[in-house]
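# sequence below, structure please.
(2 chains)
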Amino acid sequence: MHLHKFEKIWLVFGMGSLALFLVIIGFAAFWKGTHPQSHIEIIDPENVEAHESFKPENLGLREVAEGKYIVNIVASAFNYDFGTDTDGKPVKKIRVPKGSTVLFQITTKDVVHGFQVAGTNVNMMVEPGHVSRLETEMKNVGEFTVVCNEYCGIGHHQMFATVEVYE
Amino acid sequence: MMNPLKIAKKDARLYMSFMYVTFAALLVGGLMGLLQTLARSGKFTLPFGINYYTILTVHGVILGLVLTTFFIIGFQFALMGKTVGISDKQRKTGWWSFWLMLAGTVMAAITILVGQANVLYTFYAPLRAHPAFYIGLALVIVGSWVAVFTNFHQLYVWKKANKGQKSPLLAFMVVINMAMWFIASLGVAASVLIQFIPWSLGYAETINVLLSRTLFWYFGHPLVYFWLLPAYMAWYAIIPKIIGGKLFSDSLARMSFILLLMFSIPVGFHHQLTEPGIDPTWKFIQVVLTFMVVIPTLMTAFSIFATFETTGRRKGHKGLFGWFKHLPWKDVRFLAPFIGMVAFIPGGAGGIVNASHQMNSLIHNTIWVTGHFHLTVATTVILTYFGIAYWLVPHLTGRRLTPRLNKLGIIQAIIWTVGMTIMSTAMHIQGLLGGPRRSNFSNYAGGEQVQTWIGYQAAQAIGGTILFIGIVLMVYIFIQLAFFAPKGVEEFPIAEEEVDAEPTPKVLENWYLWIGITIALILFAYTIPVFDILKHSPPGSVPFDWPIGRQ
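A predicted model of the protein is given here:
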């Protein structure tokens, strides 16, 4: 097949940049560990309480070491269950200090949901039968809205929470 | 090069039937889009207690599945009829395909409109719609398969009658697109027939959610190339004729279509990057395969602009950009697709972000994605389809694209560009700020972040309103071209090869080879991960209806 000289240059340049781009993505994923979340851990969606992390008393924010936190959440239409506070009211907002490392663990009891701490790359699909998990360092101060970003039914847009990162 | 055939009246009737449904779908789906942007601006409430997610489902199904499929199949039938001919029997099966698809569309549409299928066009399990919704979708797919095999048969008959000759380029392209569509839609058909229909009828208690999503996206990405390839057909083989030039390279065009066939399908995981149940290594492998389509895309960009330049210089336009200045800007058959090509530059760049293993995490399921595909399918693809309709419709109805209609078309293309620039840009920015897609208006917990989203939602309503004006104008032009424009002859533009063009290598028509490689790539990309999904599958999911799927 005949290729024009300019076209050869164009394609070599294009394919070269493509190869470089893929190497960068691969390097970041396999050496820097920035894979998107994938743990292939399964769970019975009709009995999520059987899992240690999703027992009602273990839901919500917990400090496990200096500056290290775990947040366990159970999603269902149309709510994120972060457990209850000392008054027995449902928690809708969690607060962590700037620079802390937070592990988000979430599963769903019914349909597919999303979990995004808006404006950050904490962004996971939450599917029945699977545990979604992502660890991140909260570097920026502010109030971040947590939104369900996968359509889950008529009240989908009412499913939210807040993460506050303070100084 | 064979001389193109004449399209008989009875054939034109078949092709036009697909066009009527296309433009009816444009009006209905566009109205839903308008209502959505208005509702999400927070300034309007939907009348008659209509649910936001019902119109969202209608919008996606009618525009993403119905409009595109009807236009493509109608256009491709016309291309086949023009280049390789259609027999009485083939026309009959063509009608079968039309009626099956229409029956399926009506069935699915009614189910959605009565509120029994608020599951959006992706119908992710375990949301459950009424079985009629899934059966309707299955009928649309089966109807499209009838068209697939009719087109295959048309080329086969031609090849037998023209032994040793290379197939007409456009017929070759149609067959590539239909081969891709058939291989890809097997996935969603399997999911609908084996998983969804028995489960929605209550014969199966549970469904494997991850498997259903994987089968959907095995189909979902080639689906977007199924929309794009007819636009490429016009760019490669029709636009050169409109601007008074020749085909850039027959073999290059064929090669790029073959590459698109091979690398459109084994790539569905890049839609599932943030899902918990798929091995990250296999996600990465499919990301790499996804990016291979960059190569035919670069080839296409080069040959299109090379055609523009060669044609302009041959006409004697001097200077570095003389050829560009003298392109037929006042001919809507050129202008509308040209704007589409330009939109594909940011559209393609956004696509690279979406498919990237990590960048995807920031924008997955945000309204950035909606902004992305409104640039690609709702600008690049649809403006090229409009550009085709301006000559195809009058050609089929024995009328002419008058200077007045041409002018209206140019205004339409400009309105579209303005409206889409506003809407899509607002969507991209709001998405980067974390605003979710597919959501009704909401203040969430309030706060500064949500306030910034709402401003962009207002901009989307303005863009959406302008776009709807563009849709009304387009439907008006269509009706004029179909029924009222003065009788006459409108050209069916097909570019010819240069007299001294190099011969096309025979290997490019070796179907066994290319389809064999395509299947091998699919098996490579999917066998192990699907086996893993089945082996590590959790207990299945029971269906969920009210207040989630059905009302």
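# helices or strands next to the worst-scoring helix or strand of chain B on mean pLDDT in the packing?
Ranking every helix and strand in chain B by mean pLDDT, DSSP states H and E puts helix B:322-325 at the bottom, with a mean of 91. If you count contacts as 3 or more CB pairs under 8 Å, 6 or more residues apart in numbering or on different chains; DSSP states H and E, helix B:322-325 packs onto helix B:294-314. Using the backbone N, CA and C atoms, a C-beta is placed for each residue, glycine as well.
# is any residue of the helix it packs on near chain A?
Yes - Helix B:294-314 reaches chain A (CB under 8 Å from any CB of the partner chain) through B:294-295, B:298-299, B:302-303, B:306.
# dump these into TSV; add neighbour count as well.
Shown next, in TSV, are these (neighbours: other CB atoms under 10 Å in any protein chain shown):
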residue	neighbour count
B:294	20
B:295	18
B:298	20
B:299	23
B:302	22
B:303	21
B:306	18
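# want to throw those into CSV with pLDDT?
Shown next, in CSV, are the residues of helix B:294-314 next to chain A (pLDDT from 0 to 100):
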residue, pLDDT
B:294, 93
B:295, 93
B:298, 93
B:299, 92
B:302, 93
B:303, 93
B:306, 93
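# need the next SSE after the least confident helix or strand of chain B, C-terminal direction.
Next along the chain after helix B:322-325, taking DSSP states H and E as the criterion, comes helix B:332-355.
# quick check: which ranges of the chain have low pLDDT?
Using chain A. Scanning chain A for pLDDT under 70 picks out A:1.
# oops, wrong one, chain B.
For chain B, the stretches with pLDDT under 70 are B:1-3, B:546-551.
# for the residue in the stretch 451-551 of chain B that chain A sits nearest to, pull up the helix or strand it's in.
Across the stretch 451-551 of chain B, the shortest distance to chain A (CB to the nearest CB) belongs to residue B:538, at 2.8 Å. Remark: residue B:538 resides in no helix or strand, with elements defined by DSSP H and E.
# burial count for it?
The local packing of residue B:538 (other CB atoms under 10 Å in any protein chain shown) involves 20 other residues.
# thinking again about what came up before, buried sites along the least confident helix or strand of chain B?
In terms of neighbour count (16 or more other CB atoms under 10 Å in any protein chain shown), helix B:322-325 has its buried residues at residue B:323.
# ditto for stretch B:36-50
Applying a neighbour-count criterion of 16+ other CB under 10 Å, the buried positions in stretch B:36-50 are B:36-41, B:50.
# OK, contacts around residue B:176?
Applying CB atoms under 8 Å, 6 or more residues apart in numbering or on different chains to residue B:176 gives the contacts B:229, B:257-258, B:260-261.
# nope, residue A:138 is what I meant
Counted by CB under 8 Å, 6+ apart, residue A:138 has contacts A:96, A:98-102, A:163, A:165.
# so how far is residue B:531 from the residue of the stretch 451-551 of chain B closest to chain A?
As judged by CB to CB, to the nearest Å, residue B:538 and residue B:531 stand 16 Å apart.
# same check on residue B:498?
For residue B:498, the distance to residue B:531 (CB to CB) stands at 50 Å.
# the more surrounded of the two?
Each of residue B:498 and residue B:531 has its neighbours counted (other CB under 10 Å); residue B:498 has more, 13 against 10.
# for that one, what are phi and psi?
With angles defined as degrees, to the nearest 10, residue B:498 sits at phi -60, psi 150.
# what's the answer for residue A:47, then?
Per-residue torsions, residue A:47: phi -150, psi 60 (degrees, to the nearest 10).
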